[in-house]
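Participant: Please find the sequence and the predicted model below.
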Amino acid sequence: MAEQVSGRAHQVTSLILCVIGFAGALASWRMGLWNSGSPDAGLLPFVASLLLTGLAGSAIFLSPPETVSVDFNAWRRLTGYAVAMLLFCIGPLLVGCLTGFAAALFIAMSVSENLSLRTALLWSMCMSVGSVLIFRLLLGVPLPDPFIDRLLGL
Amino acid sequence: MSPIRLLYGIATTCLVLYAVPATTFAQSAYPNKPIRLIVPYNPGGSSDLTARFIAEMAKDILGQPVVVENKPGAGGTIGIGSVSTSAPDGYTLVQITASPIVVRPHVANTAYDPLKDLTYLGRYMVTNAPFAVKANSQFKTIQDVLVFAKTNPGKLRWAVGAPQGGPHLATEAMFRAREAKTTLIPVNGGGEALLALMGGSLEAVVVDDYARPLKDGEIRLLAESGPVKVVGQPSVPTYKELGYPISPTIFYGIVGPAKLPPEVIKAWENVLKKIVESDKFKEMAQRINATPYLANSADFTLQVRGDYTAMGKVLADLGMAKK
Amino acid sequence: MESMQGILIGLSSAASPTNLLFCFIGVALGTAVGVLPGLGPTATISLLLPITFKMEPATAVIMLAGIYYGAMYGGSITSILIRVPGEAASVITCIDGYEMARQGRAGKALGISAFASFIAGIISVFGMALVGPLLASASYHFGPVEISALVVLGLIMVVMISSQSSLRALAMVALGLLLSTVGQDFVTGGERFTFGIDTLIDGLGVAVLAIGLFGISEILVLAAERKEQRTIIASPTNMRELLPDRNDWRAATGPILRGSILGFFLGLLPGAGALVASFASYVLEKKVAIDPSRFGKGAIEGVAGPEAANNAAAQSAFIPLLSLGIPPNAVMGVVLGALMIQGVAPGPKLVTDRPDIFWGVIASMLFGNLILIILNVPLVRVFVSLLRMPTSLLAPIILLFCTIGAYSANNSMVDVAIAMGCGVIGYGLRRNGFDPVPLLIAFVLGGILEKTVRQALLIGYGSPSIYLNRPIALGLLLAAGAMLCFPLVRKAINRRLSISP
């Protein structure tokens, strides 16, 4: 079962790349390939897209590459990380970096890494506070956080 | 205390702190907290350097730190856009130059309308962007260049330090007025343009970092694209003197979102006046080949409006204005 | 000889207590900055700019230079230990360096990386002293035409090495070329593939791309594949395994020397830089290796060469800056600004007018590299023990640093989203047999290639015959052609040999 899944997965990937190439070729064709004696904006994307379509298309018919068969627990771990990644992106904008990072880390640690809730909570809060302190206050990277802004009176 | 209670306690505290509005502090004179000065370009350029210089000097005059933050991207429009939508309390300002204000809004959609969404606090300097050729070039005056370009279409290869900027478009307009067809080579900045000029890949450049090559005798200036003459080069004519339609000012100023309170405007007019008239600033400007050129809020706004309208017309004539 | 006199002036200038102190501060800061992913020398240098206003110009440049090449030392540390490039230029070290760490050879990787950087730094200093000023004027002759020919050569090499691997690697080259076109078109100003997102107007950032494709994808790979492995890097069993042994040195000597020279020359070219130098070294080493299949699986040559190259290039980049006043990249641009504000205008006269600055900076790099190697070697032990943390704890923390790193590139959350997206894409590609390395190389080269080829054609009045008129460019293109034909020629000769009696 696992081998069949991985076999089709690699073909799907090649197909996706092929489609991207096709779309790219269309879009760059519209940008124009040649303009009064020299390449126009679309030339390189067009050539690259054609190559991608051809190469990825041929890759569909290759034998599957060596990959480790997927352990079904992996889906849970991966989903946990997917949620954490989403939280890393939107969290800081909605609730600020401190909370956003802490939430994302917590999800990653508890759901994906199977750490106990207490350990996950402790570490996520510590790492979040520590990193925001170092990067925002010490190094001046303007991580968005309304909480800290208020603290600093900005 | 049990961990759960502790957690609840922390959560409640956070919520309370979020909910308390910041303006419960007593209102005192502007400024009563640090000011953010956004520079919409990468660090190291003249915008960034002068902004940091001004920020350092302003700190002593205003009594509060002025913190410079770089927000580069899209030719300066990202940084300016972010300030135009911020609260008009005078604590978020942006340093501007000409292109994203008087040029770009005509050719692309920007997040701000320069005439409506910004308050012009003051201008502090202008720079030159002259038309230059190699010192041993066959061209001795700008007329030579124009005649050559007309009789040899496509043979004059030139580059600009700031594409789509005022000097670029003014030069295009000049070529067009003389029916000259030229080849513009796109480059990344004045440094690359000068390198290509010295290497023989170009015949002419329009850049603002001309001073060192000029001093070392590597280049010769033929004309100046702005209304202000090149420092120490009175014999170099400006496009305006030559009768070409547009000579935009390459100005550097400080700007904030629309509807800034009058006390903020006054405070910054005062700051810039003190800074621009100081010897320290004059010395710095000389080193980076800029001319201190103070304008207060009203005059600056007038100048910007004038340039904006004029550029709009030029761009429409060149067919480059957005539909 | 003028150079000798200059070097002596430089040494005495660099050895002054103030300059030594700020050299130390610079390289220490640089290493720290390099270790942190995403936070680059540019941000640090601009933060320190106001302080430099009050310094002597020589001291200012010595410190800023220290930050720059120090970052090259630090950048490789995270590349090796957690596969997240601390500096965009260190991304190549991720490939074999990380594999070495997974095999329990992290100490060796870190050690060879530090020593390679050191040796390259010293070689680069001597190169700068001996031929620097002469080569500066040679930069005039290396314009867009020549650079485009060089990049063509580079791309051909990448293609040839990828084709040995597979069709899939070639597809990655094509994808990389396509991705390099995202953003505002350099020539026409039109927007390509930006989908209305403002931050994409300036294109996809290589740092963000690298963090996503290499670092974040690795987190996902670990999440999916890990069963019993408790630590990301296997711990070495005894002290001796912590540092490179005689075999490692024997294998690494060639790559270090080749990488240093390659990096030195590439650093002189405007537009090339440390990143391209490390790519070039990797590609070169793979080409000359007796067994190229070891690359990607923990070949020490894949760490030694690129590390040497990127350090040599970071230092030699100061030659075009100081001799011509032309900053070859954004970081140098900031240094140029710092000098200008001090009233020092770098250019051809700087060598004669201010030898204390010119030669002082070059000489300070000797001291800087010395300080760095003394700092870094003990750090190897510290870092290796730091990462004995269990993966289950480390992986989310690495994800946090990737986030902060991607954000700090342009202070934008959009970059974080792009990095996360690239992480997912990178994971998908890697699980299905597609290697992201050629993608990244093609991405970087593609950008340079398109820009310089179009410039070249415009310079040639729209005709490709410009390449015939420029001897250097022509030579490079012929070399590229030879590289393409060589395997075919060899095959034909072999066939002849096997047929003839």
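Facilitator: Thanks, I have it. Numbering: from 1, shown residues only, chains lettered A, B, ... in the order given.

Participant: What is the helix or strand hosting B:Ala193 packed up against?
Facilitator: For B:Ala193, the enclosing helix or strand under DSSP states H and E is helix B:190-198. Under the contact definition 3 or more C-beta pairs under 8 Å, 6 or more residues apart in numbering or on different chains; DSSP states H and E, helix B:190-198 sits against strand B:130-134, strand B:157-160, strand B:204-206. Where you see a C-beta, it was placed from the backbone N, CA and C, and this is true even at glycine.

Participant: between those strands, which one is nearest to chain A?
Facilitator: Distance to chain A, taken as C-beta to the nearest C-beta, is lowest for strand B:157-160 among those, at 12.6 Å.

Participant: centre of the chain versus that closest one, how much separation?
Facilitator: 20 Å (C-alpha atoms, centre = their mean, to the nearest Å).

Participant: is it anywhere near chain A?
Facilitator: No. Judged by C-beta under 8 Å from any C-beta of the partner chain, strand B:157-160 makes no contact with chain A; its nearest approach is 12.6 Å.

Participant: ok, residues contacting that strand?
Facilitator: With C-beta atoms under 8 Å, 6 or more residues apart in numbering or on different chains as the test, strand B:157-160 has contacts from B:129, B:167-168, B:171, B:182-187, B:192-193, B:196-197, B:201-207, C:458-459, C:461.

Participant: show me what contacts C:Pro244?
Facilitator: C:Lys108, C:Gly111, C:Ile112, C:Phe115, C:Ala252, C:Ile300.

Participant: so what's the backbone phi/psi at it?
Facilitator: C:Pro244 adopts backbone torsions of phi -60, psi 140, taken as degrees, to the nearest 10.

Participant: so where's chain A uncertain?
Facilitator: A:1-7, A:37, A:66-72, A:140, A:152-154 (pLDDT under 70).

Participant: Can you give me the separation between the residue nearest to the spatial centre of it and C:Leu399?
Facilitator: By C-alpha atoms, centre = their mean, chain A has its centre lying nearest to A:Met85, at 7.5 Å. Distance, A:Met85 to C:Leu399, by C-beta to C-beta, to the nearest Å: 7 Å.

Participant: For these two, list the residues in contact with both.
Facilitator: With C-beta under 8 Å, 6+ apart as the test, A:Met85 and C:Leu399 both reach A:Ala104, C:Ile216.

Participant: returning to what we had before: quick one: the helix holding B:Ala193 to strand B:130-134, angle?
Facilitator: 40 degrees (axes from the mean of the first three to the mean of the last three C-alpha atoms, to 10 degrees).

Participant: Mind listing residues that contact helix B:190-198?
Facilitator: By C-beta under 8 Å, 6+ apart, helix B:190-198 touches B:132-134, B:159-162, B:185, B:187, B:202-205, B:207-210, B:213, B:218-219, C:139-140, C:143-144, C:270, C:324-327, C:333, C:336, C:459.

Participant: Run the chain-centre distance for it.
Facilitator: For helix B:190-198, the distance to the chain centre is 21 Å (C-alpha atoms, centre = their mean).

Participant: ok, the residue in chain C that chain A sits nearest to - how many residues close by?
Facilitator: Chain C approaches chain A most closely through C:Gly433 (2.7 Å), counting by C-beta to the nearest C-beta. By other C-beta atoms under 10 Å in any protein chain shown, 23 other residues sit near C:Gly433.

Participant: In a strand, it, correct?
Facilitator: No. Under DSSP: H, G, I helix; E, B strand; the rest coil, C:Gly433 falls outside any strand and is assigned coil.

Participant: Looking at it now. What's its pLDDT?
Facilitator: In this model, C:Gly433 is scored at 83, pLDDT.

Participant: buried ones in stretch C:119-129?
Facilitator: Under the neighbour-count criterion of 16 or more other C-beta atoms under 10 Å in any protein chain shown, stretch C:119-129 has C:Ile119, C:Ala120, C:Gly121, C:Ile122, C:Ile123, C:Ser124, C:Val125, C:Gly127, C:Met128, C:Ala129 buried.

Participant: so the helix or strand harbouring the first one versus helix B:190-198, what angle?
Facilitator: Secondary-structure element containing C:Ile119, defined by DSSP H and E: helix C:106-138. The directions of helix C:106-138 and helix B:190-198 differ by 50 degrees, with the same axes, to 10 degrees as the criterion.

Participant: Following the chain onward from helix C:106-138, which element is next?
Facilitator: helix C:144-165.

Participant: now that following helix: mean pLDDT?
Facilitator: 83.

Participant: Any idea how many residues pack against residue 16?
Facilitator: Chain wasn't specified; assuming chain A. 14.

Participant: other chain: chain C
Facilitator: Counted with other C-beta under 10 Å, C:Ser16 comes out at 17.
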